[in-house]
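A.B. asks: My questions are about this predicted structure, shown below with the sequence.
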Amino acid sequence: MKINITLGLIIIFFAFSLFYTAINTRKKIPYAVNAFLFILILGICIWLHILNIWIAIGALITVTIIALTYKKSTKKQ
C-alpha cells in the first residue's frame, strides 16, 4: 500500500506541476490535455481514497459545464 500512495502522489505532483507551468507561462494548453490532467487528478484521488467517487463525478460535471459555458462566451466575442 505504501508504494501505491507514493506513486499516486508522484502522479498528482506531476499533473499539478503541468497545470502550474501552463498558468505561469500563460501558454495555451489544448482542452484535451486539460481534461486528461483533471481526470487523472480525480482518478488518483479516488484511488488513494482521498476523495469520494460521487464528489469526483459532481466536480467533473461542474467543471465540464463551466468549461463549455466559457468556451461559448469567448466565441461570441
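C.D. replies: Arrived safely. Note that the coordinates shown come from a computational prediction; the quantities given were computed from them, not determined experimentally. Numbers count the residues shown, from 1 in each chain.

A.B. asks: Could you list the low-confidence segments of this structure?
C.D. replies: The model of the chain has pLDDT under 70 over residues 1-3, 19-20, 22-27, 48, 51, 71-77.

A.B. asks: That one: helices as residue ranges?
C.D. replies: 2-25, 31-47, 53-76 (DSSP state H).

A.B. asks: Kindly reformat these as JSON lines containing mean neighbour count.
C.D. replies: Bear in mind the C-beta positions are built from the backbone N, C-alpha and C, glycine included. As requested, the helices of the chain are exported to JSON lines (neighbours: other C-beta atoms under 10 Å):
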{"stretch": "helix 2-25", "mean neighbour count": "12"}
{"stretch": "helix 31-47", "mean neighbour count": "15"}
{"stretch": "helix 53-76", "mean neighbour count": "11"}
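
A.B. asks: Report the contact partners of W54.
C.D. replies: By C-beta atoms under 8 Å, 6 or more residues apart in numbering, the contact set of W54 is empty.

A.B. asks: what's the nearest residue to L37 if we skip its chain neighbours?
C.D. replies: Closest residue in space to L37, ignoring its immediate chain neighbours: A15 at 4.7 Å, by C-beta to C-beta, 6 or more residues apart in numbering.

A.B. asks: scratch that, A56
C.D. replies: Nearest residue to A56 in three dimensions, chain neighbours excluded: L42, at 4.5 Å (C-beta to C-beta, 6+ apart).
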